[in-house]
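>>> predicted model follows, preceded by the sequence.
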Amino acid sequence: MRSPSGTTIAIIGAGAVGATIAYTAAIKHLASKIILVDIDKQKEAGEVMDMCDGLCFMDTGIISGGTYKEAKAADIIVIAAGVTQKQQGADSRLDLIEKNKGILKSILKSIGRLKKDTILLIVSNPVDILTHLAVRFTNLPTSQIIGTGTLLDTARMREAVASHLHVHPQNVHGYVLGEHGNSSVIVWSSVTVGGIPIKQIPSFTTHIKKQIEQSVKKRAHAIIKRKGVTCYGVTLATMTLLEAIIYNQHKTLSISTTIRSWNGVSHVALGVPAVIGRAGVERIWPLTLSSLEKKAFRKSASLLIHYL
């Protein structure tokens, strides 16, 4: 991959999430060129025109609509196309599998064989299933196919913990792992606040933990019920991933990747703590789970394996 200043990012899907990712990547100056591709060419053109009106206020050189052939030449391809929970009337992201599997397969078939150093970033839901399937549909190794996974769930957990303790979310560390969905697992044994393990904070009771667990799982539904779509949180999670890749930051993030063997789980993509750099997933972080956390993590994996 070239230096950050020469990076090209292609975003497939100009809906609320794809367009917001394109816009945010532009104003954060993450690429010299951003290509937006959508089956609805009118929507694609409108989003590009609107963003190009601000080019004189940013360092990004080119924002354009494009074809799958043009997207193929990008350093990083972001997949944000697909049916959403609201459109499908779905209670779970897993209800979107069949339609979005077909959309993903069609997109990757249209793009064709990818460059050997391309990074493929999956944002569409169900993100874990689609991340796993993308390995089948492309010529890329698993390390270069990354889903946003439980990165957003982790952010939601950190915000909820911070809100309860009246501190900033950046002071909270820890992970949510497993499915990006109803079987996600907050790894409380990993959570610290200002360097203090959460178990050492007396006000943080089992009742509070259960409340936070439920709020994390129901957060997307609560947002969709009020505004029809979620886009800002997942976009900023995607920016963190893009920055880790483009700037070779070696950040440990809870992303979705197909794992071979980790805490008793193999051959499925789901949220795990992974070190992310320019080459994609460098390694899975050897986080130790408690016996209950490991059991819940394996249960989450079993649910996803059922759909593969």
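Everything's here; your move. Quantities reported herein were computed from a predicted structural model and do not represent experimental measurements. Numbering: from 1, shown residues only.
>>> other SSEs contacting whatever helix or strand Ser110 lives in?
Using DSSP states H and E, Ser110 sits within helix 97-111. Using 3 or more CB pairs under 8 Å, 6 or more residues apart in numbering; DSSP states H and E, the elements in contact with helix 97-111 are helix 68-72, strand 76-79, helix 127-137. Where you see a C-beta, it was placed from the backbone N, CA and C, and this is true even at glycine.
>>> so who does the closest residue to Thr60 other than its chain neighbours touch?
Once flanking residues are discounted, Thr60 sits nearest to Ala26: 4.4 Å by CB to CB, 6 or more residues apart in numbering. By CB atoms under 8 Å, 6 or more residues apart in numbering, the contact set of Ala26 is Ile34, Met51, Gly54, Met58, Thr60, Ile63.
>>> make a markdown table from those and add pLDDT and secondary structure to it.
Output for the contacts of Ala26, formatted as a markdown table (pLDDT from 0 to 100; DSSP: H, G, I helix; E, B strand; the rest coil):
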| residue | pLDDT | secondary structure |
| --- | --- | --- |
| Ile34 | 98 | strand |
| Met51 | 98 | helix |
| Gly54 | 97 | coil |
| Met58 | 93 | coil |
| Thr60 | 92 | coil |
| Ile63 | 98 | strand |
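>>> which elements pack onto the longest helix anywhere in the chain?
The residue-count maximum for a helix in the chain (DSSP state H) belongs to helix 206-227. In terms of contacts (3+ CB pairs under 8 Å, 6+ apart), helix 206-227 is packed against helix 85-88, helix 151-165, strand 185-193.
>>> will you turn those into CSV that also has distance to Ala269 and mean neighbour count?
Shown next, in CSV, are the helices and strands packed on helix 206-227 (distance: least, CB to CB, whole Å; neighbours: other CB atoms under 10 Å):
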stretch, distance to Ala269, mean neighbour count
helix 85-88, 20, 15
helix 151-165, 14, 22
strand 185-193, 15, 22
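>>> among those, which is nearest Glu243?
Among the helices and strands packed on helix 206-227, the nearest to Glu243 by CB to CB is helix 151-165 (12.3 Å).
>>> low-confidence stretches in the stretch 201-308 of the chain?
For the stretch 201-308 of the chain, not a single residue meets the criterion pLDDT under 70.
>>> tell me the centre residue of the chain?
The centre of the chain sits closest to Thr148, judged by CA atoms, centre = their mean, with a distance of 1.5 Å.
>>> separation between that residue and Asn248?
19 Å (CB to CB, to the nearest Å).
>>> again, but for Gly280
To Asn248, Gly280 is 11 Å away according to CB to CB.
>>> all set now, cheers.
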